[in-house]
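J.: Build me a model from this:
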Amino acid sequence: ARLSRRRPRRAAPGLARPAGAMAADESLVLKVMRLRRPALEPPRLGPPPMEVSGGFESVEMPKLLLPMALVQSLVGEPFNGYLHLSNQGSGPVSNVTLRVEIKIDAESNSTCVLFNNASSPTSIAPGDFFDATVDYALAVAGTYVLGCFVSYVPYGASEPVTFRRSYRFPAMQPFAVVHRAVQLGAEMLLECTVENVTKSDIYLASWKLDCVEGYQASIVDALTTEGGEGSGGCAPSRSRMHRLRPQGGQTLVFRVFPTDTSGDAVSRTRALERVGALSLGWHTPDGSSGCAEAHQIRLRPAPIGAALDLRVASCPSKVRVEEPFEFEVEVVNRAARAAEPSLVFDTRLMGGVRVHGATSRAIGRIEPNASARLSVDLLVSSPGLHGLTGIWLFDTVSNARTEFGTLCEVVAF
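T.: Numbers count the residues shown, from 1 in each chain. From the prediction side, this is the model:
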């Protein structure tokens, strides 16, 4: 946290006195305000820009500082607090100390001291004040508690007087992220749907996928979905910002690929449990901005094999909308007895994928430890990344039903 402290000075005329901030026997009044610095540019993902000389590029000072009540904040937004301690008594006070802490409510181990002048206490004359600013990065969602502890010795007294003020404010994630992936050899296509979960409009200013060691990612496309506006792209420039209305969404498609293709790269990709972390830069219409970095992209573990197993023998990775394509599956009988399975398509769970003809196809008799293949014609009704779900096997011999998750995914253009 960055701290700054100012020397005691005479208070500006007309400074509002907070109600209930001073008891009858207290000379000092504490006022806490939020400083919000409207940013003119969207947040950058990565290190600050460098000058030719090697130093950091100078940052323009904000032209407007708005004292605000401690209201709801967004994850990734810096909290800038202004604390004003004024002497409204008739005599000077001495040995004044101020300690400011912040923590997430109900998490005692998250306490962080933002300011503490106990090693250099000060004195405040009547009508003068002491102030300080504190900074803290709101990195995770939760309810934050800002605690302010004041101690001083009143005029003519020998014992110190202490009091405490606490302020609570929530910090919420600006986006909810839903993702799904399809493996294409050693590579992977990853679709992330970003939804605005705030109650007002917000701009998705930039995005970056930091992959686990051994993998890299590049943006394929940014497809605007319902409630969003924009033209796609990965550069955090103002012309590329996407405006998302409340509950509006934006779809980002990434290509994830290994940096080392030697050995069995296909198996390494299939065994991935975590792809990486998605960072999302945001910008609000009133000028505040930040970067939410807490979106972990994890993959579901592979389903455990059953008596009947279903594999995708062939399926194109890219198809055209409303054009049929061939989908071939292989059914493996791992049981000790023969099976007579049927492939069943549950159209309620298949989303934008449709099947030509009957929704139940008999595969025929499969002996133990044998397999059989079946081809069907499918089509996709809308563009985007679609998972082949809602497909299961029914064995007419044992009356057993075997369900599967997403078998594979196709991108429709």
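
J.: and the most centrally placed residue in the chain, what are its bridge partners?
T.: Central residue of the chain (Cα atoms, centre = their mean): residue 295, 4.1 Å from the mean position. Beta-bridge partners of residue 295, counted by DSSP bridges, are residue 278.

J.: how about it, what does it touch?
T.: Neighbouring residues of residue 295 by Cβ atoms under 8 Å, 6 or more residues apart in numbering: 175, 177, 277-280. From N, CA and C alone the C-beta is placed, and that goes for glycine too.

J.: so which of these comes closest to residue 248?
T.: residue 175 (10.6 Å; Cβ to Cβ).

J.: Now that closest one: closest residue in space, sequence neighbours ignored.
T.: Using Cβ to Cβ, 6 or more residues apart in numbering and skipping residues adjacent in sequence, the residue nearest residue 175 is residue 194, 5.0 Å away.

J.: can you pull the buried residues of stretch 338-354?
T.: Neighbour counts over stretch 338-354 (16 or more other Cβ atoms under 10 Å) mark 339, 341-345, 350-351, 353 as buried.

J.: could you dump that stretch to PDB, C-alpha only?
T.: The C-alpha coordinates for stretch 338-354 follow below in PDB (Å, rounded to 0.1, in the frame of the first residue of the first chain):
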ATOM      1  CA  ALA A 338     -22.600 -59.100 -25.200                       C
ATOM      2  CA  ALA A 339     -24.600 -55.800 -25.500                       C
ATOM      3  CA  GLU A 340     -27.100 -54.400 -28.000                       C
ATOM      4  CA  PRO A 341     -26.900 -50.700 -27.500                       C
ATOM      5  CA  SER A 342     -28.800 -47.900 -29.200                       C
ATOM      6  CA  LEU A 343     -27.400 -44.300 -29.600                       C
ATOM      7  CA  VAL A 344     -30.000 -41.800 -28.300                       C
ATOM      8  CA  PHE A 345     -30.000 -38.100 -29.000                       C
ATOM      9  CA  ASP A 346     -31.800 -35.900 -26.400                       C
ATOM     10  CA  THR A 347     -32.600 -32.800 -28.500                       C
ATOM     11  CA  ARG A 348     -33.500 -30.800 -25.300                       C
ATOM     12  CA  LEU A 349     -29.900 -30.900 -24.200                       C
ATOM     13  CA  MET A 350     -28.200 -30.500 -27.600                       C
ATOM     14  CA  GLY A 351     -28.600 -26.700 -27.800                       C
ATOM     15  CA  GLY A 352     -27.900 -25.400 -31.300                       C
ATOM     16  CA  VAL A 353     -26.900 -28.900 -32.700                       C
ATOM     17  CA  ARG A 354     -29.600 -30.800 -34.600                       C
END
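
J.: if we can go back for a sec, can you pick out the most distant pair from the buried residues of stretch 338-354?
T.: Of all pairs in those, the most separated under Cβ to Cβ is 339 and 351 at 28.6 Å.

J.: secondary structure class for the residue located most distally from the centre of the chain?
T.: Taking Cα atoms, centre = their mean, the residue of the chain most remote from its mean C-alpha position is residue 156, at 54.4 Å. Of the three states, residue 156 takes coil according to DSSP: H, G, I helix; E, B strand; the rest coil.

J.: which residue sits closest to it, ignoring its sequence neighbours?
T.: Leaving aside its chain neighbours, residue 156 sits nearest to residue 91 (6.6 Å; criterion: Cβ to Cβ, 6+ apart).

J.: Look up how far residue 390 lies from that neighbour.
T.: Residue 91 is 79 Å from residue 390, where distance means Cβ to Cβ, to the nearest Å.

J.: ok, these two, which is more surrounded?
T.: Comparing residue 91 with residue 390 by neighbour count (other Cβ atoms under 10 Å), the higher total belongs to residue 390, at 20 against 13.

J.: residues contacting the more buried one?
T.: Residue 390 makes contact with 345-351 under the criterion Cβ under 8 Å, 6+ apart.

J.: Looking at those residues, spot the one nearest residue 244.
T.: Nearest member of the contacts of residue 390 to residue 244, counting by Cβ to Cβ, is residue 351, at 22.4 Å.

J.: can I assume the closest one sits in a helix?
T.: No - under three-state DSSP, residue 351 sits outside any helix and is assigned coil.

J.: quick thing: my sequence starts at 29, can you match it?
T.: With the count now opening at 29, the last piece we talked about shows up as residue 379.

J.: Tell me which other helices or strands the helix or strand hosting residue 124 touches.
T.: Using DSSP states H and E, residue 124 sits in strand 121-132. Helices and strands touching strand 121-132, by 3 or more Cβ pairs under 8 Å, 6 or more residues apart in numbering; DSSP states H and E, are strand 106-115, strand 140-144, strand 150-152, strand 156-165, strand 170-181.

J.: Show me the contact partners of the second one.
T.: Going back to what we said before, that points to strand 140-144. Residues outside strand 140-144 that contact it (Cβ under 8 Å, 6+ apart): 29, 31, 33, 109, 111, 125-131, 160, 162-164.

J.: Nearest to residue 226 among those?
T.: Residue 226 lies nearest to residue 164 out of the contacts of strand 140-144, by Cβ to Cβ, at 20.6 Å.

J.: Which pLDDT does the model give the closest one?
T.: For residue 164, the pLDDT comes out at 91.

J.: So residue 295, which state does it fall into?
T.: helix.

J.: Switch the contacts of residue 418 over to CSV; also include distance to residue 314 and pLDDT.
T.: As requested, the contacts of residue 418 are exported to CSV (distance: Cβ to Cβ, whole Å; pLDDT from 0 to 100):
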residue, distance to residue 314, pLDDT
373, 49, 88
374, 47, 85
375, 46, 80
376, 43, 79
377, 42, 79
378, 43, 80
379, 37, 79
